[in-house]
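Novice: sequence unknown, structure follows:
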Ligand SMILES: [Zn+2]
């Protein structure tokens, strides 16, 4: 390889860019101008940025859904507990009424059992 060949390959030859058709000095093997290469690189960076952002967003949406599910299952649990408790209270009021009306030993035993159940629920 002579000095002249070297110089020639560094300068390249005038070609039309295969992408934008603008004339540019192409080094051997080059078919796209430096503007288009830079543009392509920028586009890739942008789409990578968008993809990363999308993944981040999807991740945080997933996390939020998970938290909502947890809150809902806790809410369900509390609602169920309130329902259980209020039905026990209702039951106990009815029993107290029956005890008051009948003085029946049977209802007093039932009330004692119910009272134990309520005590356990509060724990
Ligand atoms: Zn170009």
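Specialist: That came through fine. All of these numbers come straight from a predicted model, not from anything done at the bench.
Novice: around the ion, which positions in the protein sit nearby?
Specialist: For the chain, the residues found near the ion under the criterion CB under 5 Å from the ion are 17, 19-20, 33, 36. C-beta here means a position set from N, CA and C on the backbone, and glycine is covered the same way.
Novice: gap between the residue sitting nearest the centre point of the chain and the ion?
Specialist: Nearest to the mean C-alpha position of the chain, by CA atoms, centre = their mean, lies residue 62 at 1.4 Å. Relative to the ion, residue 62 is positioned 41 Å away (CB to the ion, to the nearest Å).
Novice: then that residue would be within a strand, right?
Specialist: No - judged by DSSP: H, G, I helix; E, B strand; the rest coil, residue 62 forms no part of a strand; its state is helix.
Novice: what's the distance between it and residue 55?
Specialist: 10 Å (CB to CB, to the nearest Å).
Novice: repeat that for residue 36.
Specialist: 28 Å.
Novice: and those two? Which one has more around it.
Specialist: With other CB atoms under 10 Å as the criterion, residue 36 and residue 55 differ in neighbour count, and residue 36 comes out ahead with 17 against 10.
Novice: what's across from residue 24 in the sheet?
Specialist: Counting by DSSP bridges, residue 24 is bridged to residue 15.
Novice: neighbours of residue 16, just the number please.
Specialist: With neighbours defined by other CB under 10 Å, the count for residue 16 comes to 13.
Novice: one more: residue 24?
Specialist: By the criterion of other CB under 10 Å, residue 24 has 19 neighbours.
Novice: quick check: phi and psi on residue 48?
Specialist: Backbone torsions of residue 48, given as degrees, to the nearest 10, read phi -70, psi -40.
Novice: so what pLDDT did it get?
Specialist: At residue 48, the model reports a pLDDT of 91.
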